[in-house]
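Novice: sequence? don't have it. structure:
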């Protein structure tokens, strides 16, 4: 009877339809559906062989880690977003909103290092870190190590991707891919303003109300256009505030969790100490022509290669993504210049900074600096 019972379980597990995130139709969901056996194993063996990719064991009886499922080349038809490729992808063509970990695997200066077998060669803590004493290998020190002695059970054991993509620690390590976000949906996009938050980005000890809000493109910014792209929230603040408590549920607030000094010491006037983030694009001087605006009240055209943030307090998120940039209202943010995972360029930049030549008669069209600094 014991063997028959297990047989029934496996029959039921394979009864469901093939795994499909349904991101490419009008009903966009956060949670995975499909056979449990696609992701999980009961005994970690089949025909006397391990079913995991590297003979390791993983939390929740899963067959592999995050990159085990999210490795591949995006082609517009894949239902799983691929964030790591074993062969070099074409940046901006094969990659999604966060770039790709391919380059950081080879060079730590090119992205966030999430590989446990490849510790960072240059850094012992996050650049601009304001928090360091949160346990061994805590998120603010590195992403590659396994957290221990953190003082929070929900953090201990986290490594790599799960140091950033997490369900709020106060509710425990809930399975991210089984959480359903009830927010409004539209054709080809999803408005996310609550648990489990945009791309599962939330604070680990700051309470249920703190996480990133935004609009998620159905194809995760694959071949994004001015009409179809992710939307990010921003809050005008250049006076030294950082974190969710000061910057609200914005992407910049999340970035400052580890890189708080970059926002805490911006300057806010003249001279600027650092390039501003979550700062309104001025409606004067050369900025009046930013993103192709004509210098008056007419807006510029949104460019997904240089995304801007929308004011979180005024933007009507449920209308979907906008194809314009409103000078004097929209904001430059962390992701305007950087990608989250990795790029071919130093410091996770979106373009080759060394080719941004001021005063050139033939400026590099990929240099995002000139989107705002139009007369340089």
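Specialist: Done, it's in. Since this is a predicted model, take the numbers as computed values, not measurements. Numbers count the residues shown, from 1 in each chain.

Novice: can you give me the strands in the stretch 51-200 of the chain?
Specialist: If DSSP state E, counting those that start in this stretch is used as the criterion, the strands of the stretch 51-200 of the chain fall at 185-186, 189-192.

Novice: One more: the stretch 201-350 of the chain?
Specialist: Along the stretch 201-350 of the chain, the segments classed as strands by DSSP E, counting those that start in this stretch run 214-217, 231-234, 279-280, 300-301, 309-311, 324-325, 331-332.

Novice: could I get those strands as CSV with distance to residue 157, mean pLDDT and mean neighbour count?
Specialist: For every residue, glycine as well, the C-beta is placed using N, CA and C. As requested, the strands of the stretch 201-350 of the chain are arranged in CSV below (distance: least, CB to CB, whole Å; pLDDT from 0 to 100; neighbours: other CB atoms under 10 Å):
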stretch, distance to residue 157, mean pLDDT, mean neighbour count
strand 214-217, 28, 92, 26
strand 231-234, 30, 95, 26
strand 279-280, 38, 92, 20
strand 300-301, 45, 96, 18
strand 309-311, 33, 96, 23
strand 324-325, 42, 96, 20
strand 331-332, 36, 96, 24
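
Novice: could those be laid out in CSV, adding distance to residue 97?
Specialist: Shown next, in CSV, are these (distance: least, CB to CB, whole Å):
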stretch, distance to residue 97
strand 214-217, 7
strand 231-234, 10
strand 279-280, 21
strand 300-301, 19
strand 309-311, 14
strand 324-325, 18
strand 331-332, 17
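
Novice: Tell me which of those lies nearest to residue 339.
Specialist: Each of the strands of the stretch 201-350 of the chain has some distance to residue 339 by CB to CB; the shortest is strand 231-234, at 12.5 Å.

Novice: now what about the closest one, what contacts it?
Specialist: 212-215, 248-252, 278, 307-312, 315, 317, 320-322, 330-331, 333, 335 (CB atoms under 8 Å, 6 or more residues apart in numbering).

Novice: show me where pLDDT drops low in the stretch 1-150 of the chain?
Specialist: 1-31, 53-55 (pLDDT under 70).

Novice: go again using 90 as the cut-off
Specialist: The model of the stretch 1-150 of the chain has pLDDT under 90 over residues 1-69, 78-80, 116-125, 128-135, 138-141, 150.

Novice: hey, which of the strands of the stretch 51-200 of the chain is tucked in deepest?
Specialist: Comparing the strands of the stretch 51-200 of the chain by mean neighbour count (mean count of other CB atoms under 10 Å), strand 189-192 comes out on top with a mean of 23.
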